[in-house]
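Q: Provided below for reference: sequence and predicted model.
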Amino acid sequence: MDIKDRVIRIIAEQAVLEPSDVTMDSTLDDLGIDSLGLVESIFAIEEEFDISVPFNANEPQQSEFDISSVASIVEGIRKLVADQS
Amino acid sequence: MKRVVITGAGTINALGFSVPETLEAMREGRCGIGELEFRDVERLAIRIGGQVKGYEPEERFNRQQLALYDRFTQFTLVAAREAIAQAGLEFSGELAAQAGVILGNSGGGMTTLDENYRSVYEEGKNRVHPFVVPKLMNNAAASHVSMEFNLKGPSFTVSTACASSNHAMAQAFQMVHGGATPVMITGGSESMLCFGGVKAWEGLRVMSKDACRPFSANRNGMVQGEGAGVFVFEELEHARKRGADILAEVAGFAMSSDAADIVMPSKHGAARAMRGALQDARINPEAVGYINAHGTGTAANDKTECAAVADVFGAHADRLMISSTKSMHAHLIGGTGAVELLACIMALRDGVVAPTIGYEEPDPECALDVVPNVAREAKVEVALSNAFAFGGLNAVLALKRFS
């Protein structure tokens, strides 16, 4: 499974949806994921890829990690995974 | 109903080892937040806190006591000794039978837990010290205060996260107010600054890595502190008869529950608690000169709290002062309301309003007079102390200048 599918699987699980219901242009809001759900998803992503995601719930917009859509999250994870290896 | 006054105060926190030291630091706008120092700190992403440094337990407690006192209990006793010495009370006979101690605390003996989990899980030991349980229980501090000062009345610990101390002091107030006892010892303490304690908070991603900047547009989270605040609440006539020095009057309080979200605060719950405290104290909103804010420095709390203040006070919201001393001593969680009550006493008694330090950029969502960076002289007749806990549990105390 590539990074995109793994991230989508995590987000889908958080949103209690099928992975097929999560599209790249979905926002977390569209998927019904609130701020607590977001923090939980980031934790699951960190565990899955063994990375550290720079995210502070107090400044989600200013974070280097863009959470505006599933696509931007996947892109961010790709970068973090690449930086790590 | 009986009038309730404060006749003794004690503290230890990142700003000082006593009330005078702490108030001096608040007047000067000094910051007690710095690099954390404890085992495994290098494994944390958050490495700052309002830690009590330079504190030597052996100077204050003997070997037997130290075997039984977690850091939160030690802090409580240090503060209780100062408060009760200032009040000049000795507890014997009928007074001892009536007077009790009600304290707020959230984490209990977190350092004791951390050390012992490490020893059994990480180091694989199969034996722990016999006093682990009596050291870590949340009521240990209240019990040790009762033993050291012979307090035999109603005594217990209240645990409502960040509002624990305010809920505890509200209970103590109510007991004296209702005539059940002429004196109560109350306040709260916390000591979660250990690897496991901070690691747990890190998980929530609401902690700042650099500073606590309440109400400032560039705030980026809360900072944990530790310490204790303890007070003597006394019935006015009892205090007068013995010529006690009165620091302030506790005029009323209110509690409310948001019944909404486990972490996100509610403007309505906060507003109901503030409004309720004013009603309980029979005080007009326009009489309030100072509010010691909950002011955690998180995005969510500060804007919600300011909106609640605007709702309760209307046009007067722009005339009163509101500051968060967490910018200096950090967030003492279950002990925070107790240390913050000191800022209310200073405003009422000394006419000095503690600042919100670290304030850098105005936030249109927090457009109140937050007393930025520098303390201010002002005559304050009434002060409120806000505490809004995780879990949506709110407790607000109303204090009056005593003249």
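A: Ah, there it is.
Q: ok, residue B:317 - contacts?
A: B:309, B:310, B:368 (C-beta atoms under 8 Å, 6 or more residues apart in numbering or on different chains). All C-beta spots, glycine's among them, are computed from the backbone N, C-alpha and C.
Q: in ChimeraX, how would I select just the buried ones from the residues you listed?
A: Selection of buried members from the contacts of residue B:317 for ChimeraX, criterion 16 or more other C-beta atoms under 10 Å in any protein chain shown:
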select /B:309,310,368
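Q: so the spatially most central residue of chain A, which state does it fall into?
A: Nearest residue to the geometric centre of chain A (C-alpha atoms, centre = their mean): residue A:73, 4.6 Å. Following DSSP: H, G, I helix; E, B strand; the rest coil, residue A:73 is assigned to helix.
Q: contacts only, for it.
A: Applying C-beta under 8 Å, 6+ apart to residue A:73 gives the contacts A:7, A:11, A:45, A:65, A:66, A:67.
Q: same thing with residue B:165?
A: Neighbouring residues of residue B:165 by C-beta under 8 Å, 6+ apart: B:103, B:104, B:187, B:188, B:229, B:334, B:335, B:336, B:337, B:338, B:341, B:387.
Q: out of these, which are inside strands?
A: Mapping the contacts of residue B:165 onto strands (DSSP state E) picks out B:103, B:104, B:187, B:188, B:229, B:387.
Q: packing partners of the helix or strand hosting residue B:101?
A: In this assignment (DSSP states H and E), residue B:101 forms part of strand B:100-104. Packing partners of strand B:100-104 (3 or more C-beta pairs under 8 Å, 6 or more residues apart in numbering or on different chains; DSSP states H and E): helix B:140-149, strand B:156-158, helix B:164-177, strand B:183-191.
Q: quickly run through the sheet partners of the shortest one, with directions.
A: Strand partners for strand B:156-158, identified by DSSP bridges, are recorded as strand B:100-104 (parallel).
Q: how far out from the middle of the chain is the following helix or strand past the partner strand?
A: Using DSSP H and E, the helix or strand that follows strand B:100-104 in sequence is helix B:110-117. From the chain centre to the centre of helix B:110-117 is a distance of 23 Å (C-alpha atoms, centre = their mean, to the nearest Å).
Q: what pLDDT, on average, does helix B:110-117 get?
A: Per-residue pLDDT over helix B:110-117 has a mean of 97.
Q: and the contacts of that helix?
A: B:70-72, B:128-129, B:132, B:135-136, B:191-192, B:194-197.
Q: tell me how far the nearest residue to residue B:339 once chain neighbours are set aside lies from chain A.
A: The spatial neighbour of residue B:339 that comes closest, neighbours along the chain excluded (C-beta to C-beta, 6 or more residues apart in numbering or on different chains), is residue B:229 at 4.2 Å. From residue B:229 across to chain A, the span is 26 Å (C-beta to the nearest C-beta, to the nearest Å).
Q: tell me the bridge partners for residue B:229.
A: residue B:11, residue B:188.
Q: and chain A, which residues reach chain B?
A: Residues of chain A that fall close to chain B, judged by C-beta under 8 Å from any C-beta of the partner chain: A:35, A:36, A:39, A:42, A:43, A:52, A:55, A:56, A:57, A:58, A:59.
Q: close enough to count as contact, residue B:312 and residue B:276?
A: No: at 9.9 Å, residue B:312 and residue B:276 do not qualify as touching, with contact defined as C-beta atoms under 8 Å.
Q: these two: which is more packed in?
A: Applying other C-beta atoms under 10 Å in any protein chain shown to residue B:312 and residue B:276 shows that residue B:312 carries more neighbours, namely 24 against 20.
Q: up against chain A, what does chain B have?
A: When proximity is defined as C-beta under 8 Å from any C-beta, chain B approaches chain A at B:45, B:203-208, B:219-221, B:262-264, B:298-300.
Q: could you flag which of the contacts of helix B:110-117 are buried?
A: B:70, B:71, B:72, B:132, B:135, B:136, B:191, B:192, B:194, B:195, B:196, B:197.
Q: now those residues as CSV including secondary structure?
A: Output for the buried ones among the contacts of helix B:110-117, formatted as CSV (three-state DSSP):
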residue, secondary structure
B:70, coil
B:71, helix
B:72, helix
B:132, helix
B:135, helix
B:136, helix
B:191, strand
B:192, coil
B:194, coil
B:195, helix
B:196, helix
B:197, helix
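Q: now those residues as a markdown table including pLDDT?
A: Below are these laid out as a markdown table (pLDDT from 0 to 100):
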| residue | pLDDT |
| --- | --- |
| B:70 | 98 |
| B:71 | 98 |
| B:72 | 98 |
| B:132 | 96 |
| B:135 | 97 |
| B:136 | 97 |
| B:191 | 98 |
| B:192 | 97 |
| B:194 | 98 |
| B:195 | 98 |
| B:196 | 97 |
| B:197 | 97 |
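Q: hey, where'd the helices end up in chain A?
A: Ranges of helices within chain A are A:3-15, A:35-49, A:70-84, based on DSSP state H.
Q: between helix B:164-177 and the strand holding residue B:101, find me the angle.
A: If you take axes from the mean of the first three to the mean of the last three C-alpha atoms, to 10 degrees, strand B:100-104 sits at 150 degrees to helix B:164-177.
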